[in-house]
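> below is the sequence, then the predicted model.
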Amino acid sequence: MGTNTAVQTALTPAQRYFYDVNGYVLLKGIFSPAETQHLIDLADQMDADGGCTYKHDGYPKTPTLTVLSRCAWYHPHLLETAMHPILLPIIEDVVGGDVRLEEHQYLINYSNGTGDGNPSQVSHVKDEGWHRGTAPNFGSFESDGHYHCMFSKAFIYLTDNGPGEGTWVVPGSHRMNIPTKTLREFMDETLATQLQSQAGDVLILSETLVHAGPQLKDGSSPRYSLVYGYTPP
């Protein structure tokens, strides 16, 4: 698979604690440059394939975002990647048992072309597309002192995410049942964090966590991510 086989197949105690407290954890260097480029090539192939009739189901293309839905159906390597030997045991740990593949999609973000982007947390943090996939009181539980989310995702970053280009998260919101709309009303730079990462890193994220994709500043290169969502069988 072209992966970094030196990476362990379970979270360290420090990583597990960080996930329990914050609702996400960033794993460094899981995929090699060759592997990330191969996954980008498959995304471009799928995007250009006029015979792939399901690729935009539910997510029409916009000037700033292309979503390629059900990508694991498109190529065997994309289904194989969903069962990655490093990631799958970690996903099973945070979900709390066996899992099934619930979602699989590429996300390709583009510059908004206006020159205003979001380099400043203060001026733009409320304007991000804050959301979560399930409420904490419905989609999560505690067991043996650890937090588990029954809808968890692996964001595989295929390109670097520098300043102003990364996933937004609200650490700790995975434990708070406050509606996202209400949280957004008093959102400020003290609550939100925009992550920076490199190609090949993987974000393990609970869908109870309030999060958002980036608004890329003018002149930014396209941002490629491959996202898998997992739930109990």
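Received it, and whenever you're ready, just let me know what you need. As the structure is a prediction and not an experimental result, all values here were calculated from the model. Residues are numbered from 1 along each chain as shown.
> residues in contact with whichever strand or helix holds Gln37?
Secondary structure assignment for Gln37, by DSSP states H and E: helix 33-48. For helix 33-48, the surrounding residues in contact (Cβ atoms under 8 Å, 6 or more residues apart in numbering) are 1-3, 31, 52, 55, 66, 68, 71, 74-75, 77-78, 81, 106, 108, 156-159, 199-200, 224, 226. In short, each C-beta sits where N, CA and C put it, glycine included.
> can you dump the C-alpha coordinates of the helix or strand that it is followed by into PDB?
Using DSSP H and E, the helix or strand that follows helix 33-48 towards the C-terminus is strand 65-69. What follows is strand 65-69, C-alpha atoms only, in PDB (Å, rounded to 0.1, in the frame of the first residue of the first chain):
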ATOM      1  CA  LEU A  65     -15.800  22.300  -3.500                       C
ATOM      2  CA  THR A  66     -16.000  19.000  -5.400                       C
ATOM      3  CA  VAL A  67     -17.300  16.000  -3.500                       C
ATOM      4  CA  LEU A  68     -16.800  12.600  -5.200                       C
ATOM      5  CA  SER A  69     -19.300  10.400  -3.500                       C
END
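> and Thr134, how many neighbours?
Using other Cβ atoms under 10 Å, Thr134 is surrounded by 16 other residues.
> oops, could you answer that again for Glu142 instead?
11.
> in three-state terms, label it for me.
strand (DSSP: H, G, I helix; E, B strand; the rest coil).
> give me the distance between the two termini of stretch 18-29.
18 Å (Cα to Cα, to the nearest Å).
> go ahead and measure how far it is from the middle of the chain.
12 Å (Cα atoms, centre = their mean, to the nearest Å).
> use 22 as the first number from now on
Sounds good: first residue 22 from here, last item stretch 39-50.
> tell me the buried residues in it?
For stretch 39-50, the neighbour count (16 or more other Cβ atoms under 10 Å) marks 39-41, 43-48 as buried.
> tell me how far Ala64 lies from Gly44.
As judged by Cβ to Cβ, to the nearest Å, Ala64 and Gly44 stand 27 Å apart.
> and Ser246, by the same measure?
18 Å.
> again, but for Ala233
For Ala233, the distance to Gly44 - Cβ to Cβ - is 14 Å.
> then Gly166?
16 Å.
> beta partners of Ser164?
His167 (DSSP bridges).
> that one contacts Gly118, doesn't it?
No: if you go by Cβ atoms under 8 Å, Ser164 and Gly118 don't touch, sitting 9.7 Å apart.
> who's in contact with the residue lying closest to Pro157 once chain neighbours are set aside?
Residue nearest to Pro157 in three dimensions, not counting chain neighbours: Thr229, with 4.5 Å by Cβ to Cβ, 6 or more residues apart in numbering. By Cβ under 8 Å, 6+ apart, the contact list for Thr229 reads 44, 153-157, 160-161, 170, 172, 194-196.
> bridging residues for the residue found closest to Leu89 once you drop the neighbours it is linked to in the chain?
Counting by Cβ to Cβ, 6+ apart, Leu89 lies nearest to Tyr127, which is 3.9 Å off, once chain neighbours are set aside. Residues in a beta bridge with Tyr127, per DSSP bridges, are Leu89, Leu247.
> contacts only, for the closest residue to Asn130 other than its chain neighbours.
Excluding the flanking residues, the one nearest Asn130 by Cβ to Cβ, 6+ apart is Arg244, at 4.1 Å. By Cβ under 8 Å, 6+ apart, the contact set of Arg244 is 128-131, 180, 182, 186, 235, 237.
> swap the cut-off to 6 Å and go again
By Cβ atoms under 6 Å, 6 or more residues apart in numbering, Arg244 lies in contact with 130, 180, 186.
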